[in-house]
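Chemist: how would this look folded up:
(2 chains)
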Amino acid sequence: MPDIGFLAPYDFSPLTILSFALVLAGYGYALLHMAPEQRPGSVRIVTFVLGVLLCYGVMQTRFDYYSQYMFFVHRGQHLILHHLGPFLIALSNPLPVFRFWHERMGPSLRAGLRPLVRVYRILQQPVIAAVLFVGLIYFWLWPPIHFDAMLSRQLYWTMNWSMLLDGLLFWWLMFDPRSPVLTSALGYGKRILILAAVAIPQMVLGAWIVFSRGMVYDVYEVCGRAWPMAPETDQLLGGLLTWIPPAMMSILGILIILRRAMREDGRVVKPSQLAGENP
Amino acid sequence: MTKRLLPLILTVSVLALTGCFGDDGRWHGKDISGLMPELDFELMGSRGETVTPQDSAGTIRLLYFGFTSCPDVCPTTLTDLRKAVNQLPRDYRDDVTTLFVSVDPERDTPERLASYASFFGDQVVGLTAAEPELRELSKRYRTTFGYDEPDADGNYNVSHSSAVYVFDRTGKARLLLRPGLTTQQVSEDLAQLAKESRG
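Modeler: Predicted coordinates:
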């Protein structure tokens, strides 16, 4: 019989489980009740669910235990929470599901959500989004902050949730399916520029960790490792995970956006241009 | 609107950051006030009796995870702690209790723990429990331990935390003594802690 103990949460968080359950239930309900022509195809559904389950897996299974006591596993956890998971979720284009729920919201709920919308608009300014994306990585990896975050349960959860939420905001900004020609969505050129810009500081940070002679993150030394591994190896692997995969994700993102831009090139025409041609 | 907000956000984040780094440098150890929960456990003492923090209430508690077959780290740490306590002003020497929690209950019987602990001073208490309880306790203080494969003679190594958790007289988590501190530094921290809370 397979060992299902691995699937049990190491640090049980009812709020986390509830949030993930609500997201999946909300998505599933919308799929069943929305108009068939708007319903995402099976590939998109699988992509979405995979992204959500990956994030859940690194937060509420035994994986979380190894993330707390091995630096490189921790880097893997953040790679999923801040990059891969949100990347898949945004790429799956859940916009029809958002629309479905937006249409069903009462006016009072919409009014209540207005301050949140305002914060969202600010966070999605290109410069702020890029600075926040890289800034959070640097913030939580700043050695004294990282030490505290690994010691305090509350800070640890704040760290992981902030990474996940920021990852969702950032990749949604990058993969917003609405055409920048027709809507106020961010232009493709700017998206590509941001993706390139955020890759560089991440590579610098990763390389710095890889090439550091001394121990940068001694909290794993202090608190004991999950299994006996040379601290240098742990740090080296963690540095590589900070350095290479995020840079590759940026490149992958750029390629996806380029493809979309090339497809749209010449096909989408601004209504104002149409109006100009036919006075 | 964003142009006006950006400097504001930057200012707030810088303030928040400096707040985080605003360590007044009062301690040689790492200040963990507010980061960790207060001292709480129910373990087995070296006579097989149940021991809780109540038994050492009113003293400064030094919590350390280890095992008696530990070749180097545990004896060194316990020796250093004894030296640091002996360097305290005479009045405070009896105010510090060292709680040595063995994470190797398989080999560390109460008798073995008793003789090991007494070797490092009267104020050292040897404690242990069944593995699940030890896992709970180490999780509470965000540390872990693991066992190596036994060799041909049945000996095995145990990985454990190398830090000492310091709790004040009321049981609040206060300091984390990382390896590398001198006896003098540890002694100064303990003296300061003993002084501040003595009625």
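
Chemist: near chain B at all, the lengthiest helix in chain A?
Modeler: If you go by DSSP state H, chain A has its longest helix at helix A:231-264. No. Counting by Cβ under 8 Å from any Cβ of the partner chain, chain B has no neighbours in helix A:231-264; the shortest distance is 11.2 Å. For the C-beta atoms, the positions are set from N, CA and C on the backbone; glycine is no exception.

Chemist: residue ranges with poor pLDDT in chain B?
Modeler: Within chain B, the stretches with pLDDT under 70 are B:1-25, B:197-199.

Chemist: so which residues of it form strands?
Modeler: In chain B, the strands defined using DSSP state E lie at B:30-31, B:43-44, B:50-51, B:60-66, B:96-102, B:124-127, B:146-147, B:158-159, B:164-167, B:173-177.

Chemist: what does the fifth one rub up against?
Modeler: Spelled out, it's strand B:96-102. For strand B:96-102, the surrounding residues in contact (Cβ atoms under 8 Å, 6 or more residues apart in numbering or on different chains) are B:41, B:43, B:56, B:59-68, B:74, B:78, B:81-82, B:85, B:88, B:108, B:113, B:116-117, B:120-121, B:123-128, B:134, B:137, B:190, B:194.

Chemist: put the buried members of those into a ChimeraX selection.
Modeler: The ChimeraX command for the buried members of the contacts of strand B:96-102 (criterion: 16 or more other Cβ atoms under 10 Å in any protein chain shown) is given here:
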select /B:41,43,56,59,60,61,62,63,64,65,66,67,68,74,78,81,82,85,88,108,113,116,117,120,121,123,124,125,126,127,128,134,137,190,194
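
Chemist: contacts with chain A among the contacts of strand B:96-102, please.
Modeler: Among the contacts of strand B:96-102, chain A is touched by B:Phe65 when using Cβ under 8 Å from any Cβ.

Chemist: state the distance from the residue most central in space within chain B to chain A.
Modeler: Nearest residue to the geometric centre of chain B (Cα atoms, centre = their mean): B:Tyr165, 2.2 Å. B:Tyr165 sits 10 Å away from chain A, going by Cβ to the nearest Cβ, to the nearest Å.

Chemist: what's the nearest residue to that residue if we skip its chain neighbours?
Modeler: B:Leu63 (4.1 Å; Cβ to Cβ, 6 or more residues apart in numbering or on different chains).

Chemist: what of A:Pro201?
Modeler: With sequence-adjacent residues excluded and distances taken as Cβ to Cβ, 6+ apart, A:Pro201 is closest to A:Val134, at 4.8 Å.

Chemist: list the contacts for that neighbour?
Modeler: A:Val198, A:Pro201, A:Gln202.

Chemist: try B:Gly58
Modeler: B:Arg169.

Chemist: how near is it to B:Thr170?
Modeler: The gap separating B:Gly58 from B:Thr170 is 9 Å, by Cβ to Cβ, to the nearest Å.

Chemist: and A:Arg178, by the same measure?
Modeler: Shown here: A:Arg178 relative to B:Thr170, a distance of 58 Å by Cβ to Cβ.

Chemist: repeat that for A:Leu252.
Modeler: 54 Å.

Chemist: same check on B:Glu196?
Modeler: Note on B:Glu196: its distance to B:Thr170, by Cβ to Cβ, is 11 Å.

Chemist: look up phi and psi at the residue nearest to A:Pro201.
Modeler: Per-residue torsions, A:Val134: phi -80, psi -40 (degrees, to the nearest 10).

Chemist: which one is residue 168 nearest to, not counting chain neighbours?
Modeler: Since you didn't name a chain, this refers to chain A. Counting by Cβ to Cβ, 6+ apart, A:Pro86 is the residue found nearest to A:Leu168 once chain neighbours are left out, at 4.5 Å.

Chemist: wrong chain, I was asking about chain B
Modeler: In this structure, B:Asp168 finds its nearest non-sequential neighbour in B:Arg174, 5.0 Å apart by Cβ to Cβ, 6+ apart.

Chemist: ok, that neighbour touching B:Phe167?
Modeler: Yes. The criterion here is Cβ atoms under 8 Å, and B:Arg174 meets it with B:Phe167 at 6.3 Å.

Chemist: report the contact partners of B:Leu63.
Modeler: B:Leu39, B:Leu99, B:Val101, B:Tyr141, B:Val164, B:Tyr165, B:Val166, B:Phe167 are the contacts of B:Leu63 under Cβ under 8 Å, 6+ apart.

Chemist: A:Cys223 too?
Modeler: Contacts of A:Cys223 by Cβ under 8 Å, 6+ apart are A:Gln68, A:Tyr69, A:Met150, A:Leu151, B:Arg142, B:Thr143, B:Thr144, B:Ser161, B:Ala163.

Chemist: A:Phe71 now?
Modeler: So A:Phe71 contacts A:Tyr217, A:Tyr220, A:Asp234, A:Gln235, A:Leu237, A:Gly238 (Cβ under 8 Å, 6+ apart).

Chemist: gap between it and B:Tyr141?
Modeler: 19 Å.

Chemist: up against chain B, what does the stretch 101-250 of chain A have?
Modeler: Residues of the stretch 101-250 of chain A found near chain B (Cβ under 8 Å from any Cβ) are A:122, A:125, A:127-128, A:135, A:139, A:144-145, A:147-148, A:150-153, A:155-156, A:218, A:221-228.

Chemist: repeat the analysis, applying 10 Å as the threshold.
Modeler: The stretch 101-250 of chain A comes close to chain B at residues A:118, A:121-123, A:125, A:127-128, A:131-132, A:135, A:139, A:142, A:144-145, A:147-156, A:218-229, as judged by Cβ under 10 Å from any Cβ of the partner chain.

Chemist: which of the residues you listed are buried? Put it as a PyMOL command.
Modeler: Selection of buried members from those for PyMOL, criterion 16+ other Cβ under 10 Å:
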select buried, chain A and resi 123+125+128+131+132+139+145+147+148+149+150+151+152+153+155+156+218+219+220+221+222+223+224+225+226
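
Chemist: helices - which of the residues of the stretch 101-250 of chain A next to chain B land there?
Modeler: In helices, defined here by DSSP H, the members of those are A:118, A:121-123, A:127-128, A:131-132, A:135, A:139, A:144-145, A:147-151, A:153-156, A:219-222.

Chemist: any stretches of the stretch 151-279 of chain A with poor pLDDT?
Modeler: Low-confidence segments of the stretch 151-279 of chain A, defined by pLDDT under 70, are located at A:268-279.

Chemist: list the contacts of A:Pro96.
Modeler: By Cβ atoms under 10 Å, 6 or more residues apart in numbering or on different chains, A:Pro96 lies in contact with A:Ala30, A:Leu31, A:Met34, A:Ala35, A:Glu37, A:Gln38, A:Arg39, A:Pro40, A:Arg44, A:Pro177.
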